[in-house]
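Engineer: need a structure here:
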Amino acid sequence: MEEAAEGPAFNREKTPSGSAVLVSAGVIVALLYWASPVLIPVALSILLTFLLSPIVEGLQKLRLPRIPAVIVVVLLAVTLLASFGWMTVRQFVSFANDLPQYRTNISQKIADLKRLGKGGPIGKVQKTVEEVKKQIDKEEGSKEMPKPPPPLPPAFSLWSMSLGAANAIELLGSAGLVVILVIFLLIDRVEMRNRLIRLFGFGRMNITTKALEEVARRISRYLLMQSIINGSYGLAVGLSLYFVGLPYALMWGLFAGLLRFIPYAGVWIGLVVPSALALAIFPGWLWPLVVVGLFLALEFTVAMILEPLLYGHSAGVSQVALLIAIAFWAWIWGPVGMIIATPMTVCLVVLGKYIPQLNLLVVLMSDEPVMQTETMYYQRLLASDYDEAYEIVDKYMEGDHAKEQVYDQVLLPALYQAKCDYRLGKLTPQDESFMQRATADIVDEIATNHQHVSEGDGAGAEQKQEPRRRENVAILGCRAHDETDALALRMLERLLESEQCQLQISDNPNDLNIDYLSRAGKPVLICIGSVAPGGVAKARHLAKRVRAELPNARIVVGRWGLASEFNEIEEQRKLLLAAGADRVVTTLMEARNTILEFCEAPDKPAADARSRDAKENSGNREEKENAVKS
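Structural biologist: Numbers count the residues shown, from 1 in each chain. Next up is the predicted model:
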């Protein structure tokens with residue numbers, strides 16, 4: 001009674017409602033927005049800590065104490081960034097001073113564009129706009145023209161200068177805060193990790209430790225590889241622009257490398273200014289097009305060759321989720337948010353992987369498949385999409401999966417699920433019929449399209465083996481109940497064809513032609529096919545009937561579709577063995593091997609074979625039980 005009373009109380013445990021989740025999300029977004037002056041330096045400090053931690057650990061392996069190692073690494077990083085910043089400022093000032101020299105080329109390009117627009121679509125649009133503007137001016141000519149705004153007082157200009165100085169001081173203060181936080185985070189990394197573990201509780205130490213280690217590993221690897229890739233990209237851009245003759249090539253290469261930390265958009269932002277400068281300083285259109293082509297060629301090389309070679313195409317986040325994350329963080333934190341969007345999204349995906357309440361994040365953001373192949377195949381059959389269902393099967397076979405694996409791991413599980421849904425009233429007879437026809441067609445397509453592969457693989461092995469006595473045995477397949485059982489037997493027939501073994505399938509389970517089999521004088525094996533759920537009683541009835549009329553026949557019952565239901569398989573195995581079956585198999589591969597074994601020794605008495613098979617089944621059952629316990 002106490003247990004019964006506890007059950008409803010547990011089921012009535014409160015879970016967050018949809019409105020509570022929305023309110024919590026709104027509060028978090030508001031805090032992220034309003035606390036950005038503090039949170040942005042903290043986020044940048046954490047990212048730089050992940051980036052510099054492997055370097056500090058490398059220096060520690062060289063016998064350098066941790067605090068000196070941290071100071072050396074941070075000083076080198078600050079010096080490097082300051083040097084690049086100083087050179088960039090110098091080149092930018094020089095560029096601003098030299099820009100008036102290019103007025104002639106700019107005027108020439110504008111004139112070329114105007115000549116291109118005259119008489120063409122651009123010119124027609126421009127002419128239409130001018131006519132509409134004249135008409136509006138004529139109608140509003142009588143209205144009084146607005147007075148120009150009064151000039152700004154000197155106090156306003158002074159206030160603007162003060163505001164600019166305050167922004168500069170704030171920027172320098174944030175940079176100093178980042179440096180200080182990075183130093184202390186690198187020094188107290190172990191202590192901070194222990195505090196996080198204590199915060200989540202020692203009872204969750206296993207989950208917390210794994211989550212922290214995976215976050216650190218994935219983000220450190222991502223930032224390190226991105227730094228190498230983007231640095232190489234920026235260097236290649238700078239050298240290419242230098243040889244082209246574009247001024248301030250070092251500055252444009254640095255900008256290109258830094259902007260590439262912004263996924264997707266950064267490359268094109270870095271392309272705009274050098275391309276515009278090339279239009280301004282080079283006469284004609286050839287060299288500006290060469291600059292654009294260099295950017296595109298380098299980006300293609302890095303994205304298609306260097307990135308997959310070093311760390312793959314992504315950081316474990318789907319492309320759509322990453323684009324949405326970039327838009328969100330850019331809205332919250334501006335350009336800095338675009339830079340940290342990928343690491344923050346990786347953190348959320350890892351947390352969702354280890355915290356069940358956040359598993360929704362893994363489903364929405366991770367780039368890992370959310371459905372297994374058999375589930376995707378069944379879903380496409382539910383949508384009556386035969387083409388995509390076959391495409392899923394074909395892609396599965398291209399991934400080094402043999403034909404029997406496709407049958408056992410994709411087609412049969414889908415048939416099992418279809419029978420379950422039909423028995424529960426979730427499928428109509430028309431739906432089930434379509435799935436059976438589609439699967440039958442796919443079985444034929446597999447046998448036709450992949451026959452040459454099977455022949456090529458089995459030719460050499462067949463020549464080395466002695467001829468088998470497969471033509472001197474009679475093998476009959478009989479469905480236990482419905483068309484799904486017959487379809488499974490057709491798959492088994494396709495598997496045996498590649499072994500030069502013929503399986504004759506009886507369309508009517510009530511007409512096994514036992515008189516003919518008993519007069520044929522050949523060893524007989526009858527395979528009873530039954531796809532779960534249901535059909536056990538029919539299979540038992542057939543096994544008893546065959547055992548009574550053909551005492552020396554070998555009887556194999558294929559109970560397919562229950563590969564993951566260990567207890568149910570064992571219960572049904574006992575019933576079928578007691579009904580006269582010699583062997584109960586749960587996969588088509590196991591059925592094929594059993595039939596081939598019978599073809600090798602067809603004269604063995606059935607009683608001896610049943611005794612030996614019972615021992616093998618007992619041994620296999622013990623192994624499975626031990627595996628389940630472990």
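Engineer: would you map the helices across the stretch 501-630 of the chain?
Structural biologist: Defined through DSSP state H, counting those that start in this stretch, the helices belonging to the stretch 501-630 of the chain, from first to last, are 514-520, 536-549, 566-578, 588-600, 606-629.
Engineer: for residue 238, list the residues it contacts.
Structural biologist: Each residue near residue 238 by Cβ atoms under 8 Å, 6 or more residues apart in numbering is listed here: 249-250, 252-254, 256. (Glycine included, C-beta is placed from N, CA and C.)
Engineer: tell me the mean pLDDT over the strand or helix carrying residue 413?
Structural biologist: When secondary structure is defined using DSSP states H and E, the element that contains residue 413 is helix 412-423. For helix 412-423, the per-residue pLDDT values average out at 88.
Engineer: also stretch 323-333?
Structural biologist: For stretch 323-333, mean pLDDT rounds to 86.
Engineer: and it, what's buried?
Structural biologist: Residues of stretch 323-333 classed as buried by neighbour count (16 or more other Cβ atoms under 10 Å): 325-326, 328-330, 332-333.
Engineer: so which of these belong to helices?
Structural biologist: Of the positions in these, 325-326, 328-330, 332-333 sit in helices, assigned by DSSP state H.
Engineer: which one of these is nearest to residue 191?
Structural biologist: residue 333 (27.7 Å; Cβ to Cβ).
Engineer: if I look at that closest one, how far off is residue 410?
Structural biologist: In this structure, residue 333 and residue 410 are separated by 45 Å, where distance is defined by Cβ to Cβ, to the nearest Å.
Engineer: over to residue 439?
Structural biologist: Distance, residue 439 to residue 410, by Cβ to Cβ: 10 Å.
Engineer: now swap in residue 525 and tell me
Structural biologist: For residue 525, the distance to residue 410 (Cβ to Cβ) stands at 27 Å.
Engineer: with adjacent residues omitted, what lies nearest to residue 238?
Structural biologist: Computed as Cβ to Cβ, 6 or more residues apart in numbering, the closest residue to residue 238 that is not its neighbour in sequence is residue 253, at 2.4 Å.
Engineer: revised request: answer the last question for residue 295.
Structural biologist: Per Cβ to Cβ, 6+ apart, closest to residue 295 is residue 271, 4.7 Å.
Engineer: rewinding a little: mean pLDDT for the helices of the stretch 501-630 of the chain: which is lowest?
Structural biologist: Across the helices of the stretch 501-630 of the chain, the stretch with the lowest average pLDDT is helix 606-629; it has a mean of 49.
Engineer: just put the contacts of residue 238 in a markdown table and tack on neighbour count, distance to residue 508 and secondary structure.
Structural biologist: Rendered in a markdown table, the data for these read as follows (neighbours: other Cβ atoms under 10 Å; distance: Cβ to Cβ, whole Å; DSSP: H, G, I helix; E, B strand; the rest coil):
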| residue | neighbour count | distance to residue 508 | secondary structure |
| --- | --- | --- | --- |
| 249 | 19 | 83 | helix |
| 250 | 19 | 84 | helix |
| 252 | 29 | 80 | helix |
| 253 | 23 | 79 | helix |
| 254 | 22 | 80 | helix |
| 256 | 28 | 74 | helix |
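Engineer: looking at those, which is nearest residue 39?
Structural biologist: Using Cβ to Cβ, residue 254 comes nearest to residue 39 of the contacts of residue 238, at 27.0 Å.
Engineer: now do the same for the closest one: its pLDDT.
Structural biologist: At residue 254, the model reports a pLDDT of 84.
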